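Enquirer: Sharing a model that was predicted from the sequence below.
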Number of protein chains: 2
Amino acid sequence: MRGLENGIYKVMKAIEIIEKKLEIKDIELPVLKDNEVLIKVKAAGLNRADIAQKNGLYPPPPGESEILGLECSGIIESIGKNVSSKKPGDEVIALLAGGGYAEYVTCPENHAILKPPKLSWAEGASIPEVYATCWLNLFIEAHMKKGDKIVFHAGASGIGTAGIQLAQAFGCDSFVSAGTQEKIDFCLNLGASAGEVRSKDIFSKIKEWSPNGVDIILDPVGAEYFEKNLSVLGLEGKLIIIGLMGGAKANINLGHLMIKRHKVIGSTIRARNLETKTKVMEDLSSKVMPLFDTGALKPIIYEVLSFEDCEKAHSIMESDKNIGKIILNLD
Amino acid sequence: MRGLENGIYKVMKAIEIIEKKLEIKDIELPVLKDNEVLIKVKAAGLNRADIAQKNGLYPPPPGESEILGLECSGIIESIGKNVSSKKPGDEVIALLAGGGYAEYVTCPENHAILKPPKLSWAEGASIPEVYATCWLNLFIEAHMKKGDKIVFHAGASGIGTAGIQLAQAFGCDSFVSAGTQEKIDFCLNLGASAGEVRSKDIFSKIKEWSPNGVDIILDPVGAEYFEKNLSVLGLEGKLIIIGLMGGAKANINLGHLMIKRHKVIGSTIRARNLETKTKVMEDLSSKVMPLFDTGALKPIIYEVLSFEDCEKAHSIMESDKNIGKIILNLD
């Protein structure tokens, strides 16, 4: 017996972590809470956080699913008794605190928003986590405004490719670093104003591109770039730390911070409260989804793999070869 | 010839810095710009920044007066041709980028706001710099909201005594550190929720007072307190660095910053742009000045000295004996 059946034992396929490897197992469906929707997953997006979680470095927030998967697209299967904004049959994309690598997943009703009809399931699944992260950090945390200059390290990542497009759509310049010239070229084609390969002197380049300093840096690197990031940040600039790929322990000169009136902001989205995520997803629904309809934004997908190829999907992300998102197909 | 006289040589008394000492000199009046008001100064407030400037450590922003003095009370003497919000004869208090230690000073029209009639000149002069600093940092930078827990280091300083009162008036708890038990007692009487003498283990105490961490720390100390400040900051807490009395070079753990979603903010008010200072002074006029009328806020003045006693006034501040503000009287 599989899937939903009235009143009796219900199982679904889900990807579990067994000794740092991914295996498909039959497990019970998640329990639907009163304010939640149950989604039949059509596609699930991969995120670098999934790899950290697989390796035991990024446990899910208390009370959330132990299953990987921070975003999906799918069809609302059923709704909790207090849900008013969604109905069974709605085609949605959803920001998840976990559980996306499975046939069914639950989330608060407002963390699922309607999928623009022209997007495929895979395209829909590529959007929630990276666009929510960019929106939260650029617009809500850093108050990005027209004319701002933004640095995206890892410009060809899911977040980078989303950020470059959002910056362009809202009248901002973006400067990127990335691992290869191919990735830099991709970013430039996508709308980045300038870019440099990571092995070269990217911070001297940023100073050339923006002699008065940049306004926002969205940084997944951490310690290794910290002081250099601050050195290219302009007056009242914001450095937002969203990852620690280059370590956590750094030095800071508070005199420089004061004179420049800098803000250093630590940010993750997964553990944020219900209200913040709801605000972000409502903003995405009203202000960002329409831009996919007009073509101003486009999903950047590197590869769509079958659910059964989840190990291969992870190995692609671990090799850092991908430009844009890797998606698991469950359709 | 002294003061204003039509079309002829105009001089005023002002305090100049001669080899790190203060001397009263006759100098020319400042030139009134089209968007400025000329104020006949009745009282001028001292700030710790004045000492730094006297010692060559805090030069005025480019284009601003070399004379000390970041705040004053007084009467509008004349107005620039584009000024519409003030008129000669208005009794005002003003936030200055410099020049307050003089018989006359100019500032942008919106950086002067009407003095509540019940306040004396000295009381009025005690308000602009510390209340503008607190308002800017607590409300505009840190989005202080009812129920927040705030730490003020140097609780008995001008900024501390203003901050304690503002926190109480807006439904927040404040915790303070200060140099002596007498100062702590004063802060508690003023409305602080708790306090501890600086030589003792203040950060353990803060953890006792607020086991889940505090929301905002307004810190004039810098490096010496930096890591300890972050250790008592709660989820999404803000550490605002407004001074470096304990040095500038510190270590930072970006992992902790991310998990706690902290914000570290460097902040000064003097070099902010016209718009920001205007916004702050308009907020003070509409939201803070009425609280002096109701008695919810009161000026905290340690001593009023004559203009000629400026050296003595500085030595009191340098000795760190004062609780609240030191004022020079020019009335």
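Expert: On my side now, so go ahead. Numbers count the residues shown, from 1 in each chain, chains lettered A, B, ... in the order given.

Enquirer: what are the phi and psi values for the closest residue to chain B within the stretch 101-250 of chain A?
Expert: Residue nearest to chain B within the stretch 101-250 of chain A: residue A:248 (3.8 Å; CB to the nearest CB). Yep, even glycine has a C-beta here, placed from its N, CA and C like the rest. Dihedral angles phi and psi of residue A:248 (degrees, to the nearest 10) take the values phi -120, psi -20.

Enquirer: since we're on it, how many residues are nearby?
Expert: Using other CB atoms under 10 Å in any protein chain shown, residue A:248 is surrounded by 16 other residues.

Enquirer: For the nearest residue to it once chain neighbours are set aside, which three-state class applies?
Expert: Spatial nearest neighbour of residue A:248, chain neighbours left out: residue B:255 (3.8 Å); criterion: CB to CB, 6 or more residues apart in numbering or on different chains. What DSSP: H, G, I helix; E, B strand; the rest coil gives for residue B:255 is helix.

Enquirer: residues contacting residue B:255?
Expert: Neighbouring residues of residue B:255 by CB atoms under 8 Å, 6 or more residues apart in numbering or on different chains: A:222, A:244, A:248.

Enquirer: Residue A:189 versus residue A:178, what's the distance?
Expert: 13 Å (CB to CB, to the nearest Å).

Enquirer: Check residue A:93 too.
Expert: 25 Å.

Enquirer: Same check on residue A:47?
Expert: Using CB to CB, residue A:47 is found at 23 Å from residue A:189.

Enquirer: out of these two, which sits in the busier spot?
Expert: Taking other CB under 10 Å, residue A:47 and residue A:189 do not tie; residue A:47 has more neighbours (25 against 9).

Enquirer: So the more buried one is in contact with residue A:162, correct?
Expert: No: the criterion here is CB atoms under 8 Å, and residue A:47 misses it with residue A:162 at 11.8 Å.

Enquirer: Now list whatever residues contact both of the two.
Expert: The contact sets of residue A:47 and residue A:162 overlap at residue A:130 (CB under 8 Å, 6+ apart).

Enquirer: Quickly find the element holding the residue nearest in space to the middle of chain A.
Expert: The C-alpha lying nearest the average C-alpha coordinate of chain A belongs to residue A:130 (CA atoms, centre = their mean; 2.4 Å). Assigned by DSSP states H and E, residue A:130 belongs to helix A:128-134.

Enquirer: now that helix: how far from the chain's centre is it?
Expert: A distance of 4 Å separates the centroid of the chain from that of helix A:128-134, by CA atoms, centre = their mean, to the nearest Å.

Enquirer: what packs against the very next helix or strand once past that helix?
Expert: The helix or strand immediately downstream of helix A:128-134 is strand A:149-152, counting by DSSP H and E. Here strand A:149-152 touches helix A:158-169, strand A:173-178, strand A:214-219, going by 3 or more CB pairs under 8 Å, 6 or more residues apart in numbering or on different chains; DSSP states H and E.

Enquirer: As CSV, the ones you listed with mean neighbour count, distance to chain B and mean pLDDT would be great.
Expert: Output for the helices and strands packed on strand A:149-152, formatted as CSV (neighbours: other CB atoms under 10 Å in any protein chain shown; distance: least, CB to the nearest CB, whole Å; pLDDT from 0 to 100):
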stretch, mean neighbour count, distance to chain B, mean pLDDT
helix A:158-169, 26, 15, 97
strand A:173-178, 26, 18, 98
strand A:214-219, 26, 9, 98
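
Enquirer: Just list whatever residues bridge to residue A:329.
Expert: Beta-bridge pairing for residue A:329 (DSSP bridges): residue A:43, residue A:306.

Enquirer: Repeat that for residue A:38.
Expert: Residue A:38 has these beta-bridge partners by DSSP bridges: residue A:78, residue A:106.

Enquirer: pLDDT at it, what is it?
Expert: Listed pLDDT for residue A:38 reads 97.

Enquirer: Pretty sure it sits against residue A:32.
Expert: Yes: taking CB under 8 Å as the definition, residue A:38 is a contact partner of residue A:32 at 4.9 Å.

Enquirer: what sits in contact with each of these two?
Expert: Contact criterion CB under 8 Å, 6+ apart; residues shared by residue A:38 and residue A:32: A:78, A:79, A:106.

Enquirer: looking at chain A, which helix or strand is least sure?
Expert: Every helix and strand of chain A was ranked by mean pLDDT, DSSP states H and E. The lowest is helix A:48-54, at a mean of 93.

Enquirer: Spell out whether that helix and chain B are in contact.
Expert: No: applying CB under 8 Å from any CB of the partner chain, one finds helix A:48-54 separated from chain B by no less than 11.7 Å.

Enquirer: can I see the domain layout of chain A?
Expert: Domains of chain A are assigned by automatic domain parsing as A:11-127+A:270-329, A:130-266.

Enquirer: Buried deepest among those, which one?
Expert: Highest mean neighbour count of the domains of chain A: domain A:130-266, a mean of 21 (counted as mean count of other CB atoms under 10 Å in any protein chain shown).

Enquirer: related to what we said a few turns ago, which residue in the contacts of residue B:255 has the weakest pLDDT?
Expert: pLDDT across the contacts of residue B:255 is lowest for residue A:244, at 93.

Enquirer: Just give the nearest non-adjacent residue to it, would you?
Expert: residue A:222 (3.9 Å).

Enquirer: likewise residue A:49?
Expert: The shortest distance from residue A:49 to any non-neighbouring residue, by CB to CB, 6+ apart, is to residue A:58 (5.6 Å).

Enquirer: Contacts only, for residue A:161.
Expert: By CB under 8 Å, 6+ apart, the residues touching residue A:161 are A:130, A:155, A:186, A:187, A:190, A:300, A:323, A:324, A:325.

Enquirer: Quick check: residue A:116 is in a strand.
Expert: No: the assignment for residue A:116, made by three-state DSSP, is coil rather than a strand.

Enquirer: No more questions from me, cheers.
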